[in-house]
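Student: Only the shape, not the letters, is given here:
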């Protein structure tokens with residue numbers, strides 16, 4: 001599956017689903033012994049390319065520290081522009097073998113299966129990707145039909161689950 005020369009690109013907007021993507025990316029990178037790249041894209045028209053020695057924003061530095069736990073090789077990338085476009089561009093440039101991202105970001109519209117960024121990445125990615133959603137029952141906002149209590153959804157009721 002993944003070899004030692006591979007890398008995983010983890011995209012986050014620091015939302016709950018983004019945090020779950022970082023945790024999942026860390027676990028996969030550790031399991032396969034590959035480098036993890038954490039990417040945050042600011043929605044700015046001009047690309048953000050900080051100097052190599054410039055300090056990272058606190059939230060991105062915290063993600064990088066999470067990834068580096070236990071000696072995992074990891075790098076942080078900060079850019080500005082369209083998130084979906086930049087996720088795909090950086091995955092290609094960095095030769096990522098896998099993209100991990102959250103299903104919904106902070107700006108997502110409730111009720112959608114995927115957020116707009118995740119949907120655009122899914123439709124255009126040329127490498128495997130993993131779209132992660134935080135576990136609602138762990139977050140304390142349990143939803144019916146998702147193993148979180150309440151009434152089962154229609155499919156569960158019909159199957160006897």
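Tutor: It's in. As the structure is a computational prediction, the values presented were derived from the model and not from experiment.

Student: got the buried residues for stretch 53-61?
Tutor: 56, 60 (16 or more other CB atoms under 10 Å). For every residue, glycine as well, the C-beta is placed using N, CA and C.

Student: actually stretch 29-38, not the one I wrote
Tutor: 29, 34, 35, 36, 37, 38.

Student: Redo those residues as CSV? Include secondary structure.
Tutor: Formatted as CSV, the buried residues of stretch 29-38 follow (DSSP: H, G, I helix; E, B strand; the rest coil):
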residue, secondary structure
29, helix
34, coil
35, strand
36, strand
37, strand
38, strand
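
Student: In JSON lines: the residues you listed, plus distance to residue 83 and pLDDT.
Tutor: Converted to JSON lines, the buried residues of stretch 29-38 look like this (distance: CB to CB, whole Å; pLDDT from 0 to 100):
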{"residue": "29", "distance to residue 83": "21", "pLDDT": "95"}
{"residue": "34", "distance to residue 83": "23", "pLDDT": "96"}
{"residue": "35", "distance to residue 83": "21", "pLDDT": "96"}
{"residue": "36", "distance to residue 83": "18", "pLDDT": "96"}
{"residue": "37", "distance to residue 83": "15", "pLDDT": "96"}
{"residue": "38", "distance to residue 83": "14", "pLDDT": "96"}
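
Student: okay, now residue 9: neighbour count?
Tutor: Around residue 9 there are 27 other residues, counting by other CB atoms under 10 Å.

Student: And for the residue nearest to the spatial centre of the chain, nearest residue in space, chain neighbours not counted?
Tutor: Closest residue to the average C-alpha location of the chain: residue 101 at 2.3 Å, with CA atoms, centre = their mean. Spatial nearest neighbour of residue 101, chain neighbours left out: residue 11 (4.3 Å); criterion: CB to CB, 6 or more residues apart in numbering.

Student: now the helices for the protein?
Tutor: For the chain, the helices defined by DSSP state H cover 16-32, 58-68, 83-93, 116-124, 136-139, 154-159.

Student: so can I have CSV of those showing distance to residue 42?
Tutor: Converted to CSV, those look like this (distance: least, CB to CB, whole Å):
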stretch, distance to residue 42
helix 16-32, 13
helix 58-68, 10
helix 83-93, 9
helix 116-124, 13
helix 136-139, 25
helix 154-159, 40
